[in-house]
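> here are the coordinates; sequence isn't available:
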């Protein structure tokens, strides 16, 4: 039986925005808190959580602040490349 994760799409691929949001909520952080920890604007965090493409450096900063592992980050990088080339 598969366990549904909010960071997974219906196709089973990782949704970068949901991944970031789930990690933020797991820490009980607001977007303001994450903004302060990562040095990324609240507006950019909102765009990322809504899967609006932004610069990869923002994802790097969020990944470091949220302590998301390298596998998750590589999934975000792959998704960014897919969106950028679509």
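Arrived safely. Every value quoted in this text rests on a predicted model; they were computed, and no experiment measured them.

> which other helices and strands does the helix or strand harbouring residue 58 contact?
When elements are assigned from DSSP states H and E, residue 58 belongs to helix 56-66. Counting by 3 or more Cβ pairs under 8 Å, 6 or more residues apart in numbering; DSSP states H and E, the packing neighbours recorded for helix 56-66 are helix 16-26, helix 31-38, helix 42-49, helix 70-85. In this view, the C-beta of every residue, glycine as well, is placed from N, C-alpha and C.

> compare the mean pLDDT across those helices and name the weakest.
Between the helices and strands packed on helix 56-66, the one with the least mean pLDDT is helix 70-85; it has a mean of 59.

> which residue, neighbours along the chain excluded, lies closest to residue 65?
Nearest non-adjacent residue to residue 65, counting by Cβ to Cβ, 6 or more residues apart in numbering: residue 38, 3.8 Å away.

> OK, contacts around that neighbour?
Listed by Cβ atoms under 8 Å, 6 or more residues apart in numbering, the contact partners of residue 38 are 45, 61, 62, 64, 65, 66.

> and which of these is nearest residue 17?
Proximity of the contacts of residue 38 to residue 17 (Cβ to Cβ) peaks at residue 45, which lies at 9.7 Å.

> for residue 52, give me phi and psi.
For residue 52, the backbone dihedrals are phi -90, psi 130 (criterion: degrees, to the nearest 10).

> next, find the distance separating it from residue 27.
Residue 52 is 22 Å from residue 27, where distance means Cβ to Cβ, to the nearest Å.

> higher neighbour count, the two?
With other Cβ atoms under 10 Å as the criterion, residue 52 and residue 27 differ in neighbour count, and residue 27 comes out ahead with 14 against 11.

> grab the nearest non-local neighbour of the more buried one.
Distances taken as Cβ to Cβ, 6+ apart put residue 66 closest to residue 27, at 6.9 Å, once the chain neighbours are dropped.

> pLDDT wise, what is the one you found at?
pLDDT, the model's per-residue confidence, is 91 for residue 66.

> likewise residue 9?
According to the prediction, residue 9 has pLDDT 41.
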